[in-house]
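Undergrad: Got a predicted structure plus its sequence, pasted below:
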Amino acid sequence: MNELCSLAVYGAGDDRSFALGDYEGPLPRWCPGCGDHSVLAAVQRLLVAEQLAPERTVFVSGIGCSSRLPHYVRTYGFHGIHGRALPVATGIKLHRPDLSVFVVMGDGDCTSIGAGHWLHATRYNMDMVALLLDNNIYGLTKNQTSPTTPQGYPSNTQPRGSYLPALNPLEATLGMTNASFVAQTAEWIPAHLFATLQAAHRHRGFSFVRVLQRCPKYTAPLFEEGMRKPDVIELLVHDDGVTVPALAGVYKHSIHHDPLDLDGARRLAEEGDRIRLGVFFRDESRSRYEDIRRLRSFTAEEKIDLLEGELERHAV
Amino acid sequence: MATGVDVLTEPPSRPEIRTIRTSEHVLEIVSDSGEGAQKCGQIFGNVSARMGNGVWTVEIIPAEIEPPPRSPAGASGNRVRIGKGPVTNWGDETELVVAFNEQALLGRHRLGALASHATVLIENLWATHADPGIRGQWSEALAEMEGSGYRIVEVPMEERCLTVVENARRGKNMFVLGLLAWIYDRDRDLCRDQIEGAFRKKSEEVAAANVRLFEEGYDWAAENLDFRIDVETSQAREPMVVMNGNDAIAFGAVAAGMELAAMYPITPATSVSHRLGEMFERFGGVLHQAEDEIAAAGVAIGASYAGKVAFTITSGPGLALKTEFLGLSIMAEIPLVVVDVQRGGPSTGLPTKVEQSDLLAAIFGQPGDAPHVVIAPATIEECFHVMVTARRIAEAFRAVVLVLSDANLATGMQPFRRPAIDPAWLAESPDQSPVPEGMQPYQWDPRTGLSARIMPGQPGGMHTLTGLAHDEASHVVYDSSTHQRSSTMRSRKMAVLQRALQPPEVNGPPEGKLLLVGWGSTKGAIEEAVSRARSEGLSVSSIHLRFLSPLEPGLRGIFDRFGKVMTVEINYSDEPDDPYITEENRRRGQMAFLLRAQTLVDVDCWTRVPGEPLRPRLILDAIRGRMRKELMP
Ligand SMILES: Cc1ncc(C[n+]2csc(CCOP(=O)(O)OP(=O)(O)O)c2C)c(N)n1
Ligand code: SF4
Ligand SMILES: [Mg+2]
């Protein structure tokens, strides 16, 4: 493998094996019943399943309830500033393509203050998993309307209900040039959540996963139906997407959707009567920024020779 | 033409040649943009440097890429000051101008750029142009300059160039180089080498045509001009290189071993990235053009967190956008280098012009208590070395180091001692070894405030870094004692750094009536003014600060030995004798503000925002004025 800069020189194969306990951090401080707990559990399961070395895994987040997640995983974590997790992850990945990078964002984080970065990160298509924990509200700052709050749903800032139609993150991502992986899952269906995270992790490129996430504190009514009525859920199934046979008994509605079908994906992403879960789009052939920018590394001696040569061009 | 300016329409048949001997001279070449005056000036500067002159070259840049041709605002070109010894600044007014049209000349005239005794060599095509509009503009322009005292010499540039090439617009610059080479008696072989070097990339033919144009200019001057200028040279020197400050920053960054720079285009910082982009491709490294300045800061921080120290480069408006990320970097102690090539502000301000108005924003611009390092190179040579210093301090102190350059350094070119590249400058590959049992990510040493950096890849070092208040283990804690203690530790690093710094050297006697204090690109002009003032018998010295936060030690002691201390800065301050201004409401220069707060000395200031580097003579006038008013019996 080519190397970027002089850094990607470690990552020896090792024979350690990791159990759940190796990834467990301090006790989470989310509200009881918060969907973030389920996401954390699924993430830890994934780390075990994929046997990711804790020291070579980084969780990057912004600010929000959801962005606390890195604190509770025993890997490296970067709990940065609101809306800006993606640029940080981009920098990490540019310098250190050897690291596994996961990005955790809230809906305010990703689709409002960080919206610009979200679109560009989609286009950079660097190999990382980006989780949008979408509770349809600003949780940490206590109940303000977010771009994904359904129209008409009240909050502290829009007490008569959200004024505008909700932003659809799937449509936005699918509309962006060079998108390579777009999926949606719901944290209250752990098997689907896990399978989706695994597909996202295994995809080489920017894997964008919108996780529908309950916030019992502020948006409980919005998720009630999805939780209680399996009929409102429709699973996208495909061998190249996510297929969880165990779920077929509970969730009657499913569509066979080939993730390479972008037009189909865009149609399915449109808001309808049903909540659609699964991989909408996946295309590994899209170019990845870190591959394009990968350069040969130089020794100190080579660098000094080059510098001297360059100075020579400026010699008086 | 009945004007007060001395116009030589008919060069005398074979004039008596008068040679002006001088220890320094300022000349400029101005044209519409795209006519190549800058290349002419650069080659002239390089050749002069090689011949043993001190040189300072400044670009004359219009704000637009391709302003309307023949417009005063469109003057584009180069201003070159050459001298016997090292030239440290752009000097005062221009003494010889070569203008490709009278409007570019008029633009410079209106800015007060020309000395009253200036000689002007001007393309005469416009005087007799077929278009009566243009002829009218020509006469109006000359009428406007009437009485200025210039000696105007018309030169048939286009006509002569057409004897060599078909399109004179593409060749006048080398013809003009020929004129200058004759006037200043430049080494013709050196000129030819430089021309070939500059044009060979296009083709051998183009290079040859340009050499012919050069010869044509040289010969025309030899046959027609009646003056030459002899600027002494001082040979016997160390190996030198010549480049502008932005190139020096790019070089310095590579020599410091930095391998990632993230930026968003903004004048006058962008050319650093042009240079870096090209160097990184060949030397191993990534220039990342981010979607905006915030992302650029985030990418640099992410890269720095996980590997070698990275940097981001910008100018004032971009610095404003980066502030939240700088706070994070400071709070989480992620090493980071930030370069701000200052321009005129606020807001979009004067994009291409020099100013030093970002000082306080650079130091205090991050909400919350955010101690970090701010340093300012004072010369183009220092632009190179500052990057090594910045990278090292950032790494050793887990600190943000903000480098304040400016548009004057960015585009000024000056020969300086060729740096002896030291392998120790190159950042080492970061430690990936296991972290000793029990070691914490913020294990602050109370004697230094420092803690060892732990980065991804190191087994046993897993922790989550955060911009929230945190303890040694990087756990989020809000209790008052931890926040007090961690704030003290972040601040202590700065105290420890400050104690390791050298006091500034006093330029001139260590005591006297007036001490000038400068920082950044004004060093050469201030020191020149001080030396002229001293030769007039005035008791003036100066110091020049590199470390602006923390400030260099010993300032109070130095200040106490002078009757008065005054900063000289390119930023805004109210004039003390302005009728609206009192001691209470006077807004002072930014360094003066800082020094007053830090030393409790009643530091005065003399500042200007002319959108150009300070001229030594203006500083000299200020010295005289303030000394007369306040210090003389
Ligand atoms: C620059 C900035 N603006 C505003 C905030 C305040 N803030 C913190 S979290 C947040 C929104 C949280 O909502 P979301 O991103 O949806 O995350 P959640 O808490 O719902 O998981 C806001 C506005 C901030 N920390 N920084
Ligand atoms: S406010 Fe909502 S999102 Fe935040 S922790 Fe509580 S339940 Fe979870
Ligand atoms: Mg939310």
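TA: Received it, and whenever you're ready, just let me know what you need. Numbering: from 1, shown residues only, chains lettered A, B, ... in the order given. Ligands and ions are numbered 1, 2, ... in the order given.
Undergrad: make it CA atoms for all contacts and neighbour counts henceforth
TA: Will do.
Undergrad: Now do the buried residues in the helix ranked longest in chain A.
TA: In chain A, assigned by DSSP state H, the helix with the most residues is helix A:35-50. Neighbour-count burial for helix A:35-50, counted by 16 or more other CA atoms under 10 Å in any protein chain shown, picks out A:35-48.
Undergrad: And for stretch B:177-197?
TA: Applying 16+ other CA under 10 Å to stretch B:177-197 flags B:177-186, B:188, B:190-192, B:194-196 as buried.
Undergrad: Checking B:His544 next. Helix, strand or coil?
TA: Taken by DSSP: H, G, I helix; E, B strand; the rest coil, the conformation at B:His544 corresponds to strand.
Undergrad: ok, it - contacts?
TA: Neighbour list for B:His544: B:Ala378, B:Pro504, B:Glu505, B:Val517, B:Gly518, B:Trp519, B:Gly520, B:Lys523 [criterion: CA atoms under 8 Å, 6 or more residues apart in numbering or on different chains].
Undergrad: Report how many residues lie close to the third one.
TA: Neighbourhood size, B:Glu505 [other CA atoms under 10 Å in any protein chain shown]: 12.
Undergrad: just the second one next, same as before
TA: Neighbour count of B:Pro504, defined by other CA under 10 Å: 18.
Undergrad: Could you look up the SS state of the residue in the stretch 151-300 of chain A that ligand 1 sits nearest to?
TA: Per CA to the nearest ligand atom, A:Cys215 is where the stretch 151-300 of chain A lies closest to ligand 1, at 8.0 Å. Assigned with three-state DSSP, A:Cys215 falls in the coil class.
Undergrad: I figured it hits A:Ser38, correct?
TA: No: if you go by CA atoms under 8 Å, A:Cys215 and A:Ser38 don't touch, sitting 11.8 Å apart.
Undergrad: which residue is nearest the centroid of the chain?
TA: Picking chain A for this. A:Ala130 (1.7 Å; CA atoms, centre = their mean).
Undergrad: looking at chain B here, not the other one
TA: With distances taken as CA atoms, centre = their mean, B:Leu409 lies nearest the centre of chain B, 1.1 Å away.
Undergrad: Ligand 2 contacts on the stretch 201-316 of chain A?
TA: Neighbours of ligand 2 within the stretch 201-316 of chain A, by CA under 6 Å from any ligand atom: A:Cys215, A:Pro216, A:Lys217.
Undergrad: For ligand 3, see how far away the first one is.
TA: Noted for A:Cys215: a distance of 8 Å to ligand 3, by CA to the ion, to the nearest Å.
Undergrad: I'd say B:Gly52 and B:Thr233 touch.
TA: Yes: between B:Gly52 and B:Thr233 there is a contact under CA under 8 Å: 5.1 Å.
Undergrad: So between these two, which is more surrounded?
TA: More neighbours surround B:Gly52 than the other of B:Gly52 and B:Thr233, with 21 against 18 (other CA under 10 Å).
Undergrad: hang on, the earlier thing: mind listing which of the buried residues of stretch B:177-197 are in helices?
TA: B:177-183, B:188, B:190-192, B:194-196.
Undergrad: helix/strand/coil for the residue nearest to the centre of chain B?
TA: Per three-state DSSP, B:Leu409 ends up helix.
Undergrad: That one reaches B:Asn246, doesn't it?
TA: Yes: here B:Leu409 reaches B:Asn246: they are 7.3 Å apart, a contact under CA under 8 Å.
Undergrad: Quick one: the helices in chain A, in order.
TA: Under the criterion DSSP H, chain A contains helices at A:20-23, A:35-50, A:85-95, A:107-108, A:115-124, A:169-175, A:190-202, A:220-228, A:262-269, A:289-292, A:300-313.
Undergrad: Make JSON lines out of those helices and add mean pLDDT and distance to A:Thr149.
TA: Converted to JSON lines, the helices of chain A look like this (pLDDT from 0 to 100; distance: least, CA to CA, whole Å):
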{"stretch": "helix A:20-23", "mean pLDDT": "97", "distance to A:Thr149": "33"}
{"stretch": "helix A:35-50", "mean pLDDT": "98", "distance to A:Thr149": "16"}
{"stretch": "helix A:85-95", "mean pLDDT": "97", "distance to A:Thr149": "21"}
{"stretch": "helix A:107-108", "mean pLDDT": "98", "distance to A:Thr149": "9"}
{"stretch": "helix A:115-124", "mean pLDDT": "98", "distance to A:Thr149": "15"}
{"stretch": "helix A:169-175", "mean pLDDT": "98", "distance to A:Thr149": "12"}
{"stretch": "helix A:190-202", "mean pLDDT": "98", "distance to A:Thr149": "22"}
{"stretch": "helix A:220-228", "mean pLDDT": "97", "distance to A:Thr149": "9"}
{"stretch": "helix A:262-269", "mean pLDDT": "98", "distance to A:Thr149": "17"}
{"stretch": "helix A:289-292", "mean pLDDT": "94", "distance to A:Thr149": "32"}
{"stretch": "helix A:300-313", "mean pLDDT": "92", "distance to A:Thr149": "53"}
